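Colleague: Following is a predicted model, sequence given first.
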Amino acid sequence: MTTVQPKLIIHGGASSLDDKGGLQAVRTSLHSIVTEVYNLLLSGATAVEAVTRGCALLEDEPRFNAGTGSVVQSDGQVRMSASLMDGDRQRLSGVINVSRVKNPIELARFLQDEDDRILSEIGAADLARERQIPVYDPLTDFRIREWMEEREGNFQKKMARLFADPEARRGTIGVVALDNRGHIAAGTSTGGKGLERIGRVSDSAMPAGNYANHRAGVSCTGVGEDIIDECLAAKIVIRVTDGFSLKDAVEKSMKEASEKQRDFGMISLDSDGNIAWGKTAEILLAAYHTGDRIGDTLEWHGEGVGLTGSC
């Protein structure tokens, strides 16, 4: 069997560095996770295994808005969503608004082989009990204080709707991987946008925000409603499948989004090993491994698209 050079890109959202401990803290965290997950790929792990592990590590990092450290909804509760897409089988699985679990991506991974592959709040909770997953509270002291500050102001600030506000505490996480078999997978996990109406569904468990097939994979972050309206992840993957280069697919999609004043970021790679990312937001917290080196987007202030490889 012909093997290919694995490639990897991850993100921790599209929000301010300041509330996450600053540039160096975020860089250290992202580079550490990229290193661990890339070593898994080098050892022969599948793209699905690598993406699941990468998402779990990002969920466990409190500075990002997924798993531990997720933002709080309007009623003071944490509800998380996650999805996993196996590009080889072109199969999406996920959970929506699940509570009291440590790693929503693990539930999404289990659902890959089930007949019913996307479960909402009650179904996801039942699945966690069936799997005997320990009850876990992802709420952190920082998120409690954050919510209390909003409550004291009678939620007038509505920080979660002000995506460009540097005080916004968000950071949907995602991973896209190409394994040595040439297979692609993508995973995305989030605590939501914060202070949202109960029952609101994000893009993270939809093809709009997380999609992959045999040619490309994409994970998105930012204002979920904007990502859904653009059907961003699926659009980019479909364009690559239809013959666009990854560079052209991302550039065209981001140009369309900018014209409509959308607010988000995305990461992607293709089966040729090209890596690309884009944003209309102010910043994208992403890191990648080309096989030769680790890089990141933390000090990338350009607009539109960033690239590695020929694309």
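Modeller: Received, thanks. None of the values given here were measured: they were computed from a predicted structure. Residues are numbered from 1 along each chain as shown.

Colleague: all contacts plus neighbour counts: C-alpha atoms, from now on.
Modeller: Fine.

Colleague: Low-confidence regions, the stretch 151-300 of the chain specifically.
Modeller: Residue ranges of the stretch 151-300 of the chain with pLDDT under 70: 151-171.

Colleague: how about the helices of it, start to end?
Modeller: Ranges of helices in the stretch 151-300 of the chain, per DSSP state H, counting those that start in this stretch, are 224-230, 232-241, 246-259.

Colleague: Deepest-packed of the ones you listed, please.
Modeller: Comparing these on average neighbours per residue, with mean count of other CA atoms under 10 Å, the densest one is helix 232-241 at a mean of 23.

Colleague: That one to helix 246-259, inter-axis angle?
Modeller: On the basis of axes from the mean of the first three to the mean of the last three CA atoms, to 10 degrees, helix 232-241 is oriented at 140 degrees to helix 246-259.

Colleague: Could you export helix 232-241 as CSV, CA atoms only?
Modeller: Included here for helix 232-241 are C-alpha records, laid out as CSV according to Å, rounded to 0.1, in the frame of the first residue of the first chain:
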residue,chain,number,x,y,z
LEU,A,232,-19.4,27.0,4.6
ALA,A,233,-17.6,23.7,5.3
ALA,A,234,-19.7,21.7,2.8
LYS,A,235,-19.5,24.4,0.2
ILE,A,236,-15.6,24.4,0.3
VAL,A,237,-15.4,20.6,0.2
ILE,A,238,-17.9,20.3,-2.7
ARG,A,239,-15.9,23.0,-4.7
VAL,A,240,-12.7,21.0,-4.2
THR,A,241,-14.5,17.8,-5.2
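
Colleague: what sits up against that helix?
Modeller: 207-213, 215-220, 246, 249-250, 253, 266 (CA atoms under 8 Å, 6 or more residues apart in numbering).

Colleague: can you redo the helices of the stretch 151-300 of the chain as CSV with distance to A66?
Modeller: As requested, these are exported to CSV (distance: least, CA to CA, whole Å):
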stretch, distance to A66
helix 224-230, 14
helix 232-241, 19
helix 246-259, 25
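
Colleague: Of these, which is nearest E130?
Modeller: helix 224-230 (30.0 Å; CA to CA).

Colleague: Out of the helices of the stretch 151-300 of the chain, flag the one nearest V71.
Modeller: V71 lies closest to helix 224-230 among the helices of the stretch 151-300 of the chain, at 14.4 Å (CA to CA).

Colleague: what about stretch 275-287, start to end distance?
Modeller: Start-to-end span of stretch 275-287 (CA to CA, to the nearest Å) is 11 Å.

Colleague: That stretch: which residues count as buried?
Modeller: 275-287 (16 or more other CA atoms under 10 Å).

Colleague: and what of stretch 4-21?
Modeller: Quick answer for stretch 4-21 (16+ other CA under 10 Å): 5-17, 20.

Colleague: ok, now stretch 288-301?
Modeller: Under the neighbour-count criterion of 16+ other CA under 10 Å, stretch 288-301 has Y288, H289, T290, G295, D296, T297, L298 buried.

Colleague: Grab the nearest non-local neighbour of the fifth one.
Modeller: Spatial nearest neighbour of D296, chain neighbours left out: A287 (4.0 Å); criterion: CA to CA, 6 or more residues apart in numbering.
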